[in-house]
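> Give me a model of this one.
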Amino acid sequence: MADKRRIGGAQGRPDQGDVSHRWRIHPVVDKELDDLGDEDAVSIHAQMLIVRQDGLRAARHLVEDIYEVEAHGVDTSYRLLFSAEGAKGRILLAVVLHEKHTQKTPKHVIELARDRRDRWRAE
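Numbering: from 1, shown residues only. Next comes the predicted model:
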């Protein structure tokens with residue numbers, strides 16, 4: 001289930017203004033989100049909302065311009081890896097959705113995120 005404390009905290013600060021972050025979702029990630037159960041998908045979307053409202057400080061920096069957020073579903077936890085794009089880094093490109101099995105993000109998952117980010121930039 002989503003971390004209600006973090007969601008409530010992010011939504012309860014309208015005085016900070018909108019930092020104008022916008023999500024763009026890689027087609028593979030979009031399909032994976034559609035295949036999830038409702039509660040898992042809601043948890044992931046709630047974390048995406050927090051990052052949209054609070055910016056990159058609500059995410060964990062991995063490498064270069066790749067960040068991740070963690071969402072806790074019914075039976076598993078997920079990592080959503082994304083890249084900050086655009087001149088001011090306000091486009092958040094979701095590139096990998098991965099079930100969390102280890103404490104550290106596996107290198108092959110980070111490489112997949114870089115590859116998808118690079119292909120998106122080339123288009």
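> Enumerate the positions of stretch 85-98 that are buried.
85, 91, 92, 93, 94, 95, 96, 97, 98 (16 or more other Cβ atoms under 10 Å). C-beta: built from backbone N, CA, C; applies to glycine.
> which one of the residues you listed is nearest residue 74?
Each of the buried residues of stretch 85-98 was checked against residue 74 using Cβ to Cβ; the closest is residue 97, at 15.5 Å.
> my guess is the closest one meets residue 34, correct?
No - when contacts are counted by Cβ atoms under 8 Å, residue 97 is not listed as touching residue 34 (10.8 Å).
> Give the burial count for residue 50, as a bare number.
21 (other Cβ atoms under 10 Å).
> just checking, next helix/strand downstream of the strand or helix carrying it?
Residue 50 belongs to helix 38-54 when assigned by DSSP states H and E. Per DSSP H and E, the first helix or strand lying C-terminal to helix 38-54 is strand 60-63.
> What helices and strands are in contact with the helix or strand following that next one?
Next helix or strand after strand 60-63 toward the C-terminus (DSSP H and E): strand 66-72. On a contact count with 3 or more Cβ pairs under 8 Å, 6 or more residues apart in numbering; DSSP states H and E, strand 66-72 meets helix 38-54, strand 60-63, strand 77-85, helix 107-122.
> any chance of the ones you listed in CSV, with distance to residue 26 too?
As requested, these are exported to CSV (distance: least, Cβ to Cβ, whole Å):
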stretch, distance to residue 26
helix 38-54, 13
strand 60-63, 16
strand 77-85, 9
helix 107-122, 5
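> of all the ones you listed, which lies closest to residue 27?
So among those, helix 107-122 is nearest, using Cβ to Cβ, at 9.7 Å.
> quick one: that closest one to strand 66-72, angle?
120 degrees (axes from the mean of the first three to the mean of the last three Cα atoms, to 10 degrees).
> Give me the contacts around helix 107-122.
26, 28, 62-66, 79, 81-83, 85, 93, 95-96, 98 (Cβ atoms under 8 Å, 6 or more residues apart in numbering).
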